[in-house]
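Chemist: here you go, sequence then predicted model.
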Amino acid sequence: MTVAETIVAVATPPGVGGIGVVRLSGPEALPIGRRLTGRVDLSPRHAHYVTLRDSSGATLDDGVALFFRAPHSYTGEDVVELQGHGSPVLLDAIVETCVAQGARRARPGEFTEQAFLNSRLDLAQAEAVADLIHAQTEEAARLARSSLDGALATELEPVSRAIREMRVIIEAEIDFGETDLESEAAADIAHRSGSLHQTVSQLLERLRPARYFAQGMRLALVGAPNVGKSSLMNRLAESEVAIVTDRPGTTRDVLRSPIAIHGIPVEIIDTAGLHASEDPVERIGMERAREAATGADVILELRDLTRPDARPDLQAPEAIPRIVVWNKSDQVNQSVAAGDGGGLQISALTGRGVEALKLAIVNQLGVGDGGTQRFSVRARHIDGLRAAATHLAAIDALAPPDLIAEELRLAERALDELLGRQDHEALLGEIFAGFCIGK
Ligand SMILES: Nc1nc2c(ncn2[C@@H]2O[C@H](COP(=O)(O)OP(=O)(O)O)[C@@H](O)[C@H]2O)c(=O)[nH]1
Ligand SMILES: [Mg+2]
């Protein structure tokens with residue numbers, strides 16, 4: 001066992017602000033708080049107006065001290081919050097003083113990690129804290145907020161319980177020395193595992209798209225030169241992010257711009273036109289364009305209705321969905337039957353068809369209306385559910401009971417990992433490292 005340490009960090013963002021908050025958590029939080037404030041009577045959940053002093057007794061600032069007694073605090077330990085004026089120099093001096101008094105500077109995410117270790121949060125909730133802090137759209141914040149309320153655990157609890165029930169039945173059979181299940185028991189196991197697999201698969205289907213709300217998606221615009229990629233980028237970003245001219249080869253480098261489409265944070269990536277070129281700069285630009293396309297969640301291949309033959313030479317992985325869009329619809333009179341595979345028609349110039357395009361993008365991701373989705377999901381959660389589904393599907397009721405027991409154990413473990421019910425130090429390190437200091 002490690003001795004519990006007391007950690008300290010500035011909890012407000014770096015920079016200048018009206019107030020700044022220094023947070024202390026751990027067994028020494030109260031004694032250190034008392035020394036800095038000179039107050040022995042810090043009572044829980046009361047705002048105390050105090051003078052903050054350094055170790056030599058010199059005044060640092062006037063401020064407010066708050067004490068939260070374990071376990072009724074964010075971390076589940078004793079927590080003291082010291083509020084001073086929002087000056088980085090001053091806040092650093094307060095932290096310095098806490099360190100001189102025996103506290104240690106916190107790592108990123110360590111307060112939330114403590115909350116998790118003290119069972120104040122499950123792992124999905126801890127991740128939701130990070131998702132909430134980093135949310136880029138209102139919708140993403142709303143979904144993270146309900147994850148924080150434990151929505152994923154609530155969904156998974158009946159599944160975990162049903163798996164445990166099955167394990168009890170199977171383990172009993174093994175204890176009785178059964179090598180095969182009686183036909184009645186086998187039918188029961190087949191039925192239970194079948195319906196559980198269905199439940200997990202449905203959940204997976206429902207959640208898969210939701211991860212884009214928390215993690216965002218990348219949309220690469222590719223096409224031949226001059227088809228209007230940069231114009232579309234500017235139209236979607238609603239600002240002049242990229243230079244547009246009638247000269248082919250204007251965009252030479254990869255440009256990125258953050259926008260939101262139907263509540264999903266989207267990074268649009270404008271690229272150099274793909275065509276045969278001997279210009280070395282253009283060739284590097286095209287190389288970067290191909291790289292960007294390979295890393296995208298959706299590729300938007302732009303074509304030009306006035307030059308239907310101008311198409312990009314792009315080999316991107318099949319797995320990345322590609323939407324073909326015909327631009328410059330304002331230039332053609334009637335709706336031209338657009339070449340192979342059909343495709344949407346838009347005008348980056350007038351904005352016609354752009355709303356339909358946004359809808360096509362979110363539909364491509366299977367996101368549709370975010371309003372039906374109740375919480376934010378990470379790729380890790382999807383992987384966990386997929387693993388559980390695989391093990392449930394692998395259950396063969398006619399196989400020896402110890403094989404069935406093993407699949408059930410693995411399915412349960414996948415769900416436990418998802419909520420952090422098992423100790424996986426490497427995983428925890430990875431998750432909490434994505435936080436900011438002071439959270
Ligand atoms: N009429 C018309 N012209 C467009 C449209 N979109 C782009 N253009 C023009 O096509 C030319 C090339 O546009 P640009 O966005 O730089 O194309 P890129 O090379 O694919 O990035 C410019 O002169 C644009 O004004 C459109 O929807 N309609
Ligand atoms: Mg361009």
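Modeler: It's in. Ligands and ions are numbered 1, 2, ... in the order given.
Chemist: show me where the stretch 101-250 of the chain has its helices.
Modeler: In the stretch 101-250 of the chain, the helices defined using DSSP state H, counting those that start in this stretch lie at 110-117, 123-134, 138-148, 151-175, 183-207, 211-215, 229-237.
Chemist: and the nearest residue to Arg247 once chain neighbours are set aside, what does it touch?
Modeler: Closest residue to Arg247 apart from its sequence neighbours, by Cβ to Cβ, 6 or more residues apart in numbering: Asn226 at 7.7 Å. Placement of C-beta: from N, CA and C, glycine included. Shown in contact with Asn226 (Cβ atoms under 8 Å, 6 or more residues apart in numbering): 246-248, 273, 304, 310.
Chemist: again, only using 10 Å
Modeler: Applying Cβ atoms under 10 Å, 6 or more residues apart in numbering to Asn226 gives the contacts 244-251, 273, 275, 304, 306-307, 310, 328.
Chemist: how about the residues of the stretch 151-300 of the chain by ligand 2?
Modeler: When proximity is defined as Cβ under 5 Å from the ion, the stretch 151-300 of the chain approaches ligand 2 at 229-230, 251.
Chemist: then stretch 274-290 to PDB, C-alphas only?
Modeler: C-alpha atoms of stretch 274-290 as PDB (Å, rounded to 0.1, in the frame of the first residue of the first chain):
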ATOM      1  CA  LEU A 274      -5.300  16.100 -57.200                       C
ATOM      2  CA  HIS A 275      -4.100  15.900 -60.800                       C
ATOM      3  CA  ALA A 276      -1.000  15.100 -62.800                       C
ATOM      4  CA  SER A 277       1.600  17.700 -62.000                       C
ATOM      5  CA  GLU A 278       5.400  18.100 -62.300                       C
ATOM      6  CA  ASP A 279       5.500  21.100 -59.900                       C
ATOM      7  CA  PRO A 280       7.500  19.800 -56.900                       C
ATOM      8  CA  VAL A 281       5.600  22.000 -54.400                       C
ATOM      9  CA  GLU A 282       2.200  20.900 -55.800                       C
ATOM     10  CA  ARG A 283       3.300  17.300 -55.600                       C
ATOM     11  CA  ILE A 284       4.100  17.600 -51.900                       C
ATOM     12  CA  GLY A 285       0.800  19.200 -51.400                       C
ATOM     13  CA  MET A 286      -1.000  16.300 -53.200                       C
ATOM     14  CA  GLU A 287       0.900  13.900 -51.100                       C
ATOM     15  CA  ARG A 288      -0.400  15.700 -48.000                       C
ATOM     16  CA  ALA A 289      -3.900  15.600 -49.400                       C
ATOM     17  CA  ARG A 290      -3.700  11.900 -49.800                       C
END
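Chemist: buried set for that stretch?
Modeler: Using 16 or more other Cβ atoms under 10 Å as the test for burial, stretch 274-290 gives 274-275, 277, 282, 285-286, 288-290.
Chemist: among the residues you listed, which two are most distant?
Modeler: His275 and Arg288 (14.8 Å; Cβ to Cβ).
Chemist: for Ile94, which of the helices of the stretch 101-250 of the chain is the nearest?
Modeler: Ile94 sits nearest to helix 110-117 of all these, at 16.3 Å, using Cβ to Cβ.
Chemist: any idea how far the closest one is from the chain center?
Modeler: Averaging C-alpha positions (Cα atoms, centre = their mean, to the nearest Å) puts helix 110-117 18 Å from its chain's average.
Chemist: can you tell me which helices and strands that helix packs against?
Modeler: Applying 3 or more Cβ pairs under 10 Å, 6 or more residues apart in numbering; DSSP states H and E, we find helix 110-117 packed against strand 7-10, strand 17-25, helix 123-134, helix 425-433.
Chemist: off-centre distance for the following helix or strand past the second one?
Modeler: Spelled out, it's strand 17-25. Along the chain past strand 17-25, the next helix or strand (assigned with DSSP states H and E) turns out to be helix 29-37. Distance, stretch centre to chain centre, for helix 29-37: 36 Å (Cα atoms, centre = their mean).
Chemist: now do helix 29-37 against strand 17-25, angle only.
Modeler: 140 degrees (axes from the mean of the first three to the mean of the last three Cα atoms, to 10 degrees).
Chemist: who's in contact with the residue nearest to Pro312 when sequence neighbours are not counted?
Modeler: Spatial nearest neighbour of Pro312, excluding adjacent residues (Cβ to Cβ, 6+ apart): Leu274 at 3.9 Å. Taking Cβ under 10 Å, 6+ apart, we find Leu274 in contact with 222-225, 229, 282, 285-286, 289-290, 293, 301, 310-314.
Chemist: same thing but at 7 Å, please
Modeler: Listed by Cβ atoms under 7 Å, 6 or more residues apart in numbering, the contact partners of Leu274 are 222, 224, 286, 289, 312-314.
Chemist: ok, back up a step: any idea which of the helices and strands packed on helix 110-117 is most buried?
Modeler: Of all these, strand 7-10 has the most neighbours on average by mean count of other Cβ atoms under 10 Å, namely a mean of 25.
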